[in-house]
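>>> from the sequence below, what's the structure:
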Amino acid sequence: MLKKNNLIDLSIIIPVYNISEELLLLTKNAIDSLAESIYPSGITKELIIIDNASILGVDYLAEKADIYIRNNKNLGYAAAVNQGFL
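Residues are numbered from 1 along each chain as shown. Modelled structure (predicted):
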């Protein structure tokens with residue numbers, strides 16, 4: 001839900017590349033915990049997932065994302081984070 005001025009209070013950018021099951025579980029837990037913490041506060045947030053051409057599935061993250069960008073090749077961490085700002 002956006003505020004009247006349509007500004008987001010918090011943008012969370014998560015670049016991923018071939019995320020392991022263990023890391024996927026940790027990331028999922030972090031996203032769920034963050035959502036539970038932020039929801040009652042009234043802070044508006046957006047979750048941006050940048051997929052750097054993963055072969056392994058990131059379906060859960062794509063479903064949770066407000067914005068999901070899939071690159072055709074691995075652009076690297078810095079480029080992926082920068083994409084989230086654009």
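>>> buried residues in the helix or strand bottoming out on mean pLDDT in the chain?
Least confident helix or strand, the chain: helix 59-64 with a mean of 85, by mean pLDDT, DSSP states H and E. By neighbour count on 16 or more other C-beta atoms under 10 Å, the buried set for helix 59-64 is 61, 64. In this view, the C-beta of every residue, glycine as well, is placed from N, C-alpha and C.
>>> just checking, what packs against it?
Counting contacts by 3 or more C-beta pairs under 8 Å, 6 or more residues apart in numbering; DSSP states H and E, helix 59-64 packs against helix 21-38, strand 45-51.
>>> looking at these, which is nearest to Asp9?
strand 45-51 (6.5 Å; C-beta to C-beta).
>>> would you mind putting the CA coordinates of the closest one into PDB?
Written as PDB, here are the backbone C-alpha positions of strand 45-51 (Å, rounded to 0.1, in the frame of the first residue of the first chain):
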ATOM      1  CA  LYS A  45       8.300  -1.400   1.500                       C
ATOM      2  CA  GLU A  46       9.200  -3.000  -1.700                       C
ATOM      3  CA  LEU A  47      11.100  -6.200  -2.200                       C
ATOM      4  CA  ILE A  48      13.200  -6.200  -5.400                       C
ATOM      5  CA  ILE A  49      14.800  -9.500  -6.500                       C
ATOM      6  CA  ILE A  50      17.400  -9.400  -9.200                       C
ATOM      7  CA  ASP A  51      18.100 -12.900 -10.600                       C
END
